[in-house]
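Peer 1: sequence unknown, structure follows:
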């Protein structure tokens, strides 16, 4: 571990390396329950699989804080006569990043390692089209008969990748959104005797169209909701103009103003900025042209709610090399903790 990291990198690595594709977040759910133990006053899981750890405050005012557990992955849709697996996507994939990757197939009797095949350049046609998920096949290195015995249509497939450090960055798979789930869990551990009740929500199926958060919006009916997710950091050579950057790594946590699914409540994001400035927490503003988060799942479910969002800038989203700056992760934990610690239930978020 890099000595400059002031957070529990081992927990972050465990959360990101574990598998939990959308709709099948069981393994992550168990980790969340473990981390909530002794930290929150109560824990419950709903029928969709959302996990809520509640810290009781001294007032009836409640805040929901959400980060999603699921990662993008696949489901086996067909097994060929030769024993190769064909896949259906769970979440949004750029199929080109799948070439020659290692995967885990989560079969009933245990995980199997496989590789996504790629046609060697030696035999590729010059006019060969780009890859699509429908073209992908998983090679398990086993005879067809054995594959047929051990794998079933409907088994889940996730990417197989370790999480490590590269300079000042943390990199691996599923930082979307486990790095924010990690930040939420760390904030829960730091929060001490809040004035308001805080529901820490580990949500499901965000990658399939924000399905878990709206259910919680009804069940919890919070007075205020704050969601955490990664956001685009496109400060890379392929994006030449700084004005086209959404966020930049190393510039601090990102306070969301809008994405394609939500415009955050002005008085909420202004208070976030005020807290960040007062506590000297590095921060930047996020205007995301395209992309949706759990924030929108709370804004108008079961009635209109004030909402805010905090994002961790991340490069190379929806790949196995997603990368975040350790300082931005730390700043996100600091801002969320400070925002909750200073929430009295008496702030005016009205329009």
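Peer 2: Alright, I've got the coordinates. No experiment lies behind these values; they were computed from the predicted model shown.

Peer 1: Okay, strands next: where are they in the stretch 1-150 of the chain?
Peer 2: Using DSSP state E, counting those that start in this stretch, the strands of the stretch 1-150 of the chain run over 42-45, 51-55, 62-68, 73-79, 85-90, 102-107, 110-116, 137-139.

Peer 1: Make a markdown table from those and add mean neighbour count and distance to residue 149 to it.
Peer 2: Heads up, the C-betas are built off the backbone N, CA and C, glycines and all. Formatted as a markdown table, the strands of the stretch 1-150 of the chain follow (neighbours: other CB atoms under 10 Å; distance: least, CB to CB, whole Å):
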| stretch | mean neighbour count | distance to residue 149 |
| --- | --- | --- |
| strand 42-45 | 13 | 33 |
| strand 51-55 | 22 | 34 |
| strand 62-68 | 28 | 34 |
| strand 73-79 | 19 | 11 |
| strand 85-90 | 20 | 14 |
| strand 102-107 | 20 | 10 |
| strand 110-116 | 16 | 12 |
| strand 137-139 | 19 | 16 |
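
Peer 1: Quick one: those strands as JSON lines, columns for mean pLDDT and distance to residue 183 too.
Peer 2: As requested, the strands of the stretch 1-150 of the chain are exported to JSON lines (pLDDT from 0 to 100; distance: least, CB to CB, whole Å):
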{"stretch": "strand 42-45", "mean pLDDT": "98", "distance to residue 183": "19"}
{"stretch": "strand 51-55", "mean pLDDT": "98", "distance to residue 183": "14"}
{"stretch": "strand 62-68", "mean pLDDT": "98", "distance to residue 183": "7"}
{"stretch": "strand 73-79", "mean pLDDT": "97", "distance to residue 183": "22"}
{"stretch": "strand 85-90", "mean pLDDT": "96", "distance to residue 183": "24"}
{"stretch": "strand 102-107", "mean pLDDT": "97", "distance to residue 183": "25"}
{"stretch": "strand 110-116", "mean pLDDT": "96", "distance to residue 183": "28"}
{"stretch": "strand 137-139", "mean pLDDT": "96", "distance to residue 183": "33"}
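
Peer 1: Let's have the ones you listed in CSV, adding distance to residue 281.
Peer 2: As requested, those are arranged in CSV below (distance: least, CB to CB, whole Å):
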stretch, distance to residue 281
strand 42-45, 29
strand 51-55, 21
strand 62-68, 17
strand 73-79, 34
strand 85-90, 35
strand 102-107, 37
strand 110-116, 40
strand 137-139, 44
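
Peer 1: mind listing what residue 210 touches?
Peer 2: By CB atoms under 8 Å, 6 or more residues apart in numbering, the residues touching residue 210 are 261, 292, 293, 294, 296, 297.

Peer 1: Around the first one, count how many other residues there are.
Peer 2: Looking back up the chat, that one is residue 261. 16 (other CB atoms under 10 Å).
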